[in-house]
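> I'll drop the sequence and a predicted model, then ask my questions.
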Amino acid sequence: MSTTSSTVDVAVAPAAPAARPLTRQDYKTLSLAALGGALEFYDFIIFVFFATVIGQLFFPPSIPEWLRQLQTFGIFAAGYLARPLGGIIMAHFGDLLGRKKMFTLSILLMSVPTLLMGLLPTYHAIGLAAPVALLVLRIMQGAAVGGEVPGAWVFVSEHVPARHIGYACGTLTCGLTAGILLGSLVATAINSVFAPDELAQWGWRVPFLLGGVFGIASMYLRRWLHETPVFAELQAKKALAAEMPLKAVVRDHRGAVAVSMLLTWMLSAGIVVVILMTPTFLQKQYGFDARTALVANSVATLCLSIGCIIAGALADRIGARRTLFFGGLFLAASAWIFYTTIGHRPDLLLPLYAVTGLAVGTIGAVPYVLVHAFPAKVRFSGLSFSYNVSYAIFGGLTPMVVTLMMKQDPLAPAHYVVALCLLGMVTALFARRKHVA
């Protein structure tokens with residue numbers, strides 16, 4: 001998988017020397033970036049925690065339940081399919097105008113659609129216009145998160161010393177997954193406070209309205225961030241990309257793109273199937289009530305967040321190849337045990353889901369590979385293109401594919417996750433820490 005990109009050095013700029021320790025300013029940057037990412041990611045994923053009630057409210061009541069669930073997850077998937085467009089555009093300007101500007105813009109593009117979702121009329125009020133409007137807003141959310149996630153990884157990796165990039169990316173990924181945890185906690189609280197009929201009438205709107213408030217808070221937080229030393233040095237030396245950054249990525253870094261896309265596919269399997277879809281599976285497939293499923297999901301997501309930091313730190317110490325290979329093996333084994341056991345041992349739901357969530361934390365090492373895969377002047381575009389296109393194709397279609405598979409195979413979630421772990425383990429063998437000068 002070698003390409004001409006293998007001759008490009010992508011070590012961080014002298015402004016962040018590899019030997020120095022993390023400073024107070026580094027921790028401040030990591031904290032603000034992670035917290036802002038958590039609030040924005042909450043906006044993006046809160047939809048999935050209310051997929052059941054949204055399906056009942058925004059689609060005709062006469063259609064079969066499996067089709068309703070498929071259509072609901074289809075709208076959820078639309079957010080992923082929109083990620084490449086938003087990500088590529090924001091990455092283009094991020095490589096030319098600055099990381100911080102695009103890092104802040106993505107929040108505005110996320111919070112407004114989330115707020116509007118909470119105000120949407122349902123199918124009963126406006127008919128087919130309801131799911132269409134929901135689809136449009138979901139696409140807007142996808143465009144926003146397409147710039148947020150790659151931009152966040154690039155931003156923190158260019159602020160810290162080279163020997164701490166894994167920890168920085170793992171911490172930022174922990175922040176993003178903490179947004180999922182926040183969504184799970186809010187969903188648990190909503191399901192506990194509101195009766196089912198109250199939830200269907202107006203209670204489901206509350207988490208989306210909260211998302212609008214979280215977006216405003218995120219914009220305020222990012223006022224305190226500074227441009228990365230790496231971009232500032234490229235700008236000072238007039239060494240920014242002389243041509244369209246994406247053109248250089250596609251022409252010169254095809255091997256890096258391939259590795260990045262395959263590892264993103266494994267990442268998407270862990271997040272989408274194990275964390276985002278499983279609460280619905282627990283209710284529909286295994287008969288758990290909503291509150292029990294969401295409490296277990298909250299515990300699993302907390303373990304996921306912790307696992308991301310551990311995986312990132314391990315990537316700094318033992319390398320991304322070993323971390324992803326053995327982490328992928330851990331995730332495959334734990335996911336298989338989880339899905340094959342909870343059907344006849346519901347009492348083990350909490351510990352098994354917690355261990356599987358911790359194993360999903362292996363994905364915290366993936367951005368370490370991605371930020372090292374591309375040189376600084378096209379890093380944002382290369383990472384964004386690879387990550388978002390892969391997530392759009394694989395992550396976006398996963399809910400529908402797994403839902404259709406489950407009609408014939410009750411263990412489809414386990415089979416899908418195990419297969420993707422094996423693919424990720426093989427791909428990890430081709431990961432490079434950095435290009436050879």
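Good, I have the coordinates. A quick note: this is a predicted structure, and the numbers were derived from the prediction, not measured.
> which regions of this protein sit below the pLDDT cut-off?
Flagging of the chain using pLDDT under 70 yields the residue ranges 1-20, 91-101, 103, 225-243, 432-437.
> helix or strand for the closest residue to residue 137 other than its chain neighbours, which one?
Among residues not flanking residue 137 along the chain, residue 113 sits closest, at 4.2 Å (Cβ to Cβ, 6 or more residues apart in numbering). Every C-beta, even on glycine, is put in place using the N, C-alpha and C of the backbone. For residue 113, the element it lies in under DSSP states H and E is helix 99-117.
> before we move on, back to that, next up, the contacts around the residue nearest to residue 137.
By Cβ atoms under 8 Å, 6 or more residues apart in numbering, residue 113 lies in contact with 137-138, 140-141, 144.
> for those residues, which one is nearest residue 304?
Residue 304 has its nearest neighbour among those in residue 141, at 21.2 Å by Cβ to Cβ.
> what's the burial count for that closest one?
If you count neighbours by other Cβ atoms under 10 Å, residue 141 ends up with 29.
> Quick check: which helices or strands does the host helix or strand of residue 67 pack against?
Using DSSP H and E, residue 67 maps to helix 65-81. Judged by 3 or more Cβ pairs under 8 Å, 6 or more residues apart in numbering; DSSP states H and E, the packing partners of helix 65-81 are helix 24-49, helix 51-58, helix 129-157, helix 396-405.
> What are the contacting residues of it?
Contacts of helix 65-81 (Cβ under 8 Å, 6+ apart): 44, 47-48, 51-52, 54-56, 58-59, 63, 131, 134-135, 138-139, 141-142, 145, 277, 280, 284, 391-392, 395-400, 403-404, 407.
> Buried ones only from those residues, please, as a ChimeraX command.
Filtering the contacts of helix 65-81 down to the buried ones (16 or more other Cβ atoms under 10 Å) takes a single ChimeraX command:
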select :44,47,48,51,52,54,55,56,58,59,131,134,135,138,139,141,142,145,277,280,284,391,392,395,396,397,398,399,400,403
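> Okay, helices next: where are they in the stretch 151-300 of the chain?
Residue ranges of the helices in the stretch 151-300 of the chain, as given by DSSP state H, counting those that start in this stretch, are 165-193, 196-201, 206-221, 229-236, 245-252, 254-268, 278-284, 290-318.
> Of all these, which one is nearest residue 370?
Across the helices of the stretch 151-300 of the chain, closest to residue 370 is helix 254-268 (Cβ to Cβ), at 5.0 Å.
> Just want the angle from the closest one to helix 245-252.
110 degrees (axes from the mean of the first three to the mean of the last three Cα atoms, to 10 degrees).
> how about stretch 181-198: buried residues?
Across stretch 181-198, burial judged by 16+ other Cβ under 10 Å covers 181-188, 190-191, 194.
> returning to that earlier point: now the residue nearest to residue 137: how far from residue 119?
For residue 113, the distance to residue 119 equals 11 Å [Cβ to Cβ, to the nearest Å].
> Also residue 39?
20 Å.
> where along the stretch 301-437 of the chain do the helices fall?
320-341, 349-360, 366-372, 379-390, 396-405, 412-428.
> chain center to the shortest one, what's the gap?
The chain centre lies 14 Å from the centre of helix 366-372; the measure is Cα atoms, centre = their mean, to the nearest Å.
> For it, which helices and strands make contact with it?
For helix 366-372, the packing partners by 3+ Cβ pairs under 8 Å, 6+ apart are helix 129-157, helix 165-193, helix 254-268, helix 290-318, helix 320-341, helix 379-390.
> Quick one: residues in contact with that helix.
Contact with helix 366-372 is made by 10, 150, 153-154, 157, 165-166, 169-170, 172-173, 259-260, 263-264, 266-267, 312, 315-316, 320, 324, 379, 383, 386-387, 428, 431-435, as judged by Cβ under 8 Å, 6+ apart.
> Mind doing that once more with 7 Å?
10, 153-154, 157, 165-166, 169, 173, 259-260, 263-264, 267, 312, 315, 320, 379, 383, 386-387, 431-434 (Cβ atoms under 7 Å, 6 or more residues apart in numbering).
> Using ChimeraX, define a selection of the buried residues within those residues.
In ChimeraX, a selection of the buried entries from those looks like this (16+ other Cβ under 10 Å):
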select :10,153,154,157,165,166,169,173,259,260,263,264,267,312,315,320,379,383,386,387,431,432,433,434
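> picking up where we left off before, turn the contacts of residue 113 into a markdown table, including distance to residue 253.
Listed next are those as a markdown table, based on distance: Cβ to Cβ, whole Å:
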| residue | distance to residue 253 |
| --- | --- |
| 137 | 34 |
| 138 | 31 |
| 140 | 29 |
| 141 | 28 |
| 144 | 25 |
